[in-house]
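**Student:** need a 3D model of the sequence below.
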Amino acid sequence: MTPSDVPPPPSSSPPWSQPPPPARPWYQAPARPSGRGSSALALLTAAVVGAVAGWAAVALASHARAYCDAGWEAGGRFEMSFLLVLMVPGCAFLALLIAFLSRPLPLLSRPVPVLLVLAVVVLVFFATKGTLDGYPGNPERCGPDNVPPWWPGWLPA
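**Tutor:** Below is the predicted model of the structure:
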């Protein structure tokens, strides 16, 4: 066998002889898969939860006014209907914004900021619109601050 009879080596080496791909450094976070569908669903859920929180805030304030007979109309239904138009889309937008900003958080803790902000909005709305401090309501049902007795004392009003 002469050297000219020997076939040349293949141009590419077999896969088992190739070096492994470089390892990811310990300080680099793993790449996340593109979860566009789950992200859109999470944002939609946050918007719906925000809309429900806005409706619940108006309903709670209206129920407190009706119970204490505070406001120029029983329950302030006329005034609250205008606030409903502002609160439902406003809370939905706020929840959407907070959900968008909390995307870097771990998956299970993303709803926490949204729910905390919405809870604060509902409490502040109840305290400002649901309890008309100093308005002459029904003194047999509520005190001078028009906080109904069914409202928990540990929550601000």
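**Student:** how far off centre is the longest helix seen in the chain?
**Tutor:** For the chain, the longest helix by residue count, based on DSSP state H, is helix 36-68. Computed by C-alpha atoms, centre = their mean, to the nearest Å, the chain-centroid distance of helix 36-68 equals 10 Å.
**Student:** all further residue positions should be reported with the first residue as 795.
**Tutor:** Fine by me, first position is 795 from now on; the one you just mentioned is helix 830-862.
**Student:** just checking, what packs against that helix?
**Tutor:** In terms of contacts (3 or more C-beta pairs under 8 Å, 6 or more residues apart in numbering; DSSP states H and E), helix 830-862 is packed against helix 871-895, helix 905-919. Using the backbone N, CA and C atoms, a C-beta is placed for each residue, glycine as well.
**Student:** neighbours of P942, just the number please.
**Tutor:** For P942, the tally of surrounding residues (other C-beta atoms under 10 Å) stands at 19.
**Student:** list the residues that contact it.
**Tutor:** Listed by C-beta atoms under 8 Å, 6 or more residues apart in numbering, the contact partners of P942 are A858, Y861, C862, R935, C936.
**Student:** the second one touches G931, doesn't it?
**Tutor:** No - proximity of Y861 to G931 does not meet the contact threshold set by C-beta atoms under 8 Å, at 9.0 Å.
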